[in-house]
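Undergrad: A predicted structure for the sequence below; I have some questions about it.
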Amino acid sequence: MSPLKITTRNATTGPVLGITGELDYASAAGLRELLPTLALRPGQRLVLDLAGMDFCDSSGITALIAARNHAHAARADIALAAVPANTLRILRIVGLDQIFPIHPDSETATRF
């Protein structure tokens, strides 16, 4: 079991959250609670860098959707970067790859 760790950095396009460990029932609240503290401005892009994510269950997927809703409420964009293959498979099965722009890495995701 890998505890969830979320790091925040700023890019020219907006905040980048690095998500490491397991985004699951026990930890997804941590991401949801962080979202309101992010100051997003219209036109910015929130990037969730999932390169270090080991596992994501349905609660984690719900937290990703909460991040999308937070970004859209601020009239900002959202993008997922470095989505692990097992999570990407789930996103495709449930059609969320159609609502989340997906990039190979955070560097690509932070380009407009």
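TA: Done, it's in. Numbering: from 1, shown residues only.

Undergrad: wait, is Asp97 part of a helix?
TA: Yes: under DSSP: H, G, I helix; E, B strand; the rest coil, Asp97 falls within a helix.

Undergrad: Let me see the contact set for it.
TA: Leu88, Leu91 (Cβ atoms under 8 Å, 6 or more residues apart in numbering). No exception for glycine: its C-beta is placed from N, CA and C like everyone else's.

Undergrad: Find the centremost residue of this protein, please.
TA: Leu48 (3.1 Å; Cα atoms, centre = their mean).

Undergrad: who touches that residue in this structure?
TA: By Cβ under 8 Å, 6+ apart, Leu48 lies in contact with Val16, Leu17, Ile19, Leu64, Ala67, Ile78, Ala79, Leu80, Ala81.

Undergrad: Tell me where this structure has helices.
TA: 28-34, 58-73, 85-93, 106-109 (DSSP state H).

Undergrad: Which one of those helices lies nearest to Leu4?
TA: Nearest of the helices of the chain to Leu4, taken as Cβ to Cβ: helix 28-34 at 5.5 Å.

Undergrad: Can you spell out which helices and strands pack onto that closest one?
TA: strand 5-11, strand 14-23, helix 58-73 (3 or more Cβ pairs under 8 Å, 6 or more residues apart in numbering; DSSP states H and E).

Undergrad: Off-centre distance for it?
TA: 11 Å (Cα atoms, centre = their mean, to the nearest Å).

Undergrad: Scan this structure for its longest strand.
TA: Longest strand of the chain, by residue count under DSSP state E: strand 45-56.

Undergrad: Can you list the strands that that strand pairs with?
TA: With DSSP bridges as the test, strand 45-56 is paired with strand 14-23 (parallel), strand 77-81 (parallel).

Undergrad: quick one: buried residues of that strand?
TA: Arg45, Leu46, Val47, Leu48, Asp49, Leu50, Met53, Asp54, Phe55, Cys56 (16 or more other Cβ atoms under 10 Å).

Undergrad: tell me the angle that strand makes with helix 85-93.
TA: 110 degrees (axes from the mean of the first three to the mean of the last three Cα atoms, to 10 degrees).
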